[in-house]
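> Sequence and predicted structure below; questions after.
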Amino acid sequence: HLQYLHTLLLGCNQIRKSLIKLDGSLWLKLSKLETLDLSNNELTDLGSLPKTITRSNSPFRSIDLSNNSLQTIPAEFGELTNLNALLIHGNPQRGIRHHTIDQGTPSVLAALRNKLAVSASGEAPNQQQNSSRIQQQHQFQHQNSPRIQQ
């Protein structure tokens, strides 16, 4: 009956370490799942969850991962188009800045999509920022350079 489940509340259950041991096919069986609460546990890794749910057609609207021990927030969550709430505060991750998290889910999802785009382009984030900065400087210099009139 997992295919009929809309809400899965696993918050405050002292789930430790990782979801790696959970088989990816379990997440695929949750095809109608809209709300997943894994908050206030001791998770350090989400295992196959991010890749599996982005490949499934699950209509996720809310994922609460707050107050765990996650070192990273998977960029794949940025691909979930129906997601209204992605709560990640209270994790020691450093990939998404606190002010971005404070701005809410749309900002967090935009940051995750940006990470996906950067990884797809093959450039490291600093390389991409430096390239962009150099292009902006070049445009500024070109616009403000003295023009010789004939």
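Done, it's in.

> How about Ala85, nearest residue that isn't a chain neighbour?
Ranked by CB to CB, 6 or more residues apart in numbering and with sequence neighbours excluded, the top spatial neighbour of Ala85 is Ser62, at 4.2 Å. Heads up, the C-betas are built off the backbone N, CA and C, glycines and all.

> so Ser69 touches Leu46, yeah?
No. At 11.3 Å, Ser69 and Leu46 do not qualify as touching, with contact defined as CB atoms under 8 Å.

> if you count what's nearby, which of those two comes out ahead?
Remark: of Ser69 and Leu46, Leu46 carries more neighbours, 24 against 15, as counted by other CB atoms under 10 Å.

> hang on, isn't Leu112 packed against Thr72?
No. In this structure, Leu112 is not within contact of Thr72 by CB under 8 Å, at 10.7 Å.

> of those two, who's got more company?
Comparing Leu112 with Thr72 by neighbour count (other CB under 10 Å), the higher total belongs to Leu112, at 25 against 16.

> That one: which element?
Assessed by DSSP states H and E, Leu112 sits inside helix 105-121.

> What residues sit buried inside that helix?
For helix 105-121, burial by neighbour count (16 or more other CB atoms under 10 Å) applies to 105, 108-109, 111-112, 115, 118.

> Could you give the number of residues near Ser39?
When neighbours are counted by other CB under 10 Å, Ser39 comes out with 21.

> on that earlier part again, now do the residue nearest to Ala85 against Gly90, distance only.
Ser62 is 16 Å from Gly90, where distance means CB to CB, to the nearest Å.

> Over to Ser58?
Between Ser58 and Gly90 the computed distance is 24 Å (CB to CB).

> Next: Cys12.
Per CB to CB, Cys12 is found 13 Å from Gly90.

> So which of those two has more stuff around it?
Neighbour tally, Cys12 and Gly90, criterion other CB under 10 Å: the higher count belongs to Gly90, 15 against 12.

> Not counting its neighbours along the chain, what's nearest that one?
For Gly90, ignoring the flanking residues on the chain, the nearest one in space by CB to CB, 6+ apart is Asn67 at 3.7 Å.
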